[in-house]
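**Student:** here is a sequence together with a model predicted from it:
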Amino acid sequence: MTDSDDWARYYEVTAERPAWPTVRRAIELFAAESPPRPRLAVDLGCGAGRDARELLGAGWRVIAIDRERAAIDVVEAATAASLRVALEGRVADLAEIDGHPCDLVDASLSLSFLPPAAFWATWERIVAALPVGGRIAAMLFGDRDQSAADGSMTCPSPAEIRARLGSFEIEHWDDREEDTQTALGEPHHFHLVELVARRVAPG
């Protein structure tokens, strides 16, 4: 999807959907650690805010980033007034952002929309901002996804993704394929790589 009207329809369709399993798993892993403390997440390509809402509800502060102003407007409008102070919305192209020091980087189906020339450089910047003990929760289109034929997107192989996680412990990994539909009802062959990984050594 590249047209703003398509993204607006996507936000409408997904606004009430639950958070992705990867971010829920990351929240659980952090909650199991002690002592508990305030946490900060950076939600890359926040869309309609399904992950941001889950994080806010769990007591996190969230920086929600999306290149579409409409996405930030939807997230802010859907956030309860009592949680608004913990949310910061930013309009930015993910290929141009600097890594922000945080506890969790959440990237659900967003990074693959970067072109190959920008993908790994962006990946390195965002994970470099994670301290030891920080986590990344990500969902990426794999190399057998239908979108791999689109030269404007990046769909790395599972092996490539693992190779970029050398200083991380992989805590959750799911590599799967299925023929189903996109959120807008279009048939699509999906190859999804879902992961949660914890930094265990300096990058």
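**Tutor:** Received the coordinates, thanks.

**Student:** quick one: average pLDDT of stretch 108-126?
**Tutor:** Mean pLDDT, stretch 108-126: 96.

**Student:** that one: end-to-end distance?
**Tutor:** Stretch 108-126 has its terminal residues 14 Å apart, counting by C-alpha to C-alpha, to the nearest Å.

**Student:** need the contact partners of it.
**Tutor:** With C-beta atoms under 8 Å, 6 or more residues apart in numbering as the contact definition, stretch 108-126 has outside contacts at 20, 22-23, 42, 44-45, 47, 50-51, 94-95, 97-99, 105, 107, 136-141, 145, 147, 151-156, 164. For the C-beta atoms, the positions are set from N, CA and C on the backbone; glycine is no exception.

**Student:** cool, and stretch 152-169?
**Tutor:** Everything outside stretch 152-169 that qualifies as a contact, by C-beta under 8 Å, 6+ apart, is 2, 111-116, 119-120, 123-124, 127, 136, 140-145, 147-148, 170, 175, 191, 193, 195, 197-203.

**Student:** of those, buried ones?
**Tutor:** 111-114, 119, 123, 127, 136, 140-143, 145, 147-148, 191, 193, 195, 197-199 (16 or more other C-beta atoms under 10 Å).

**Student:** how close does the spatially most central residue of the chain sit to Phe168?
**Tutor:** Closest residue to the average C-alpha location of the chain: Ala107 at 1.3 Å, with C-alpha atoms, centre = their mean. In this structure, Ala107 lies at 14 Å from Phe168, with C-beta to C-beta, to the nearest Å as the measure.
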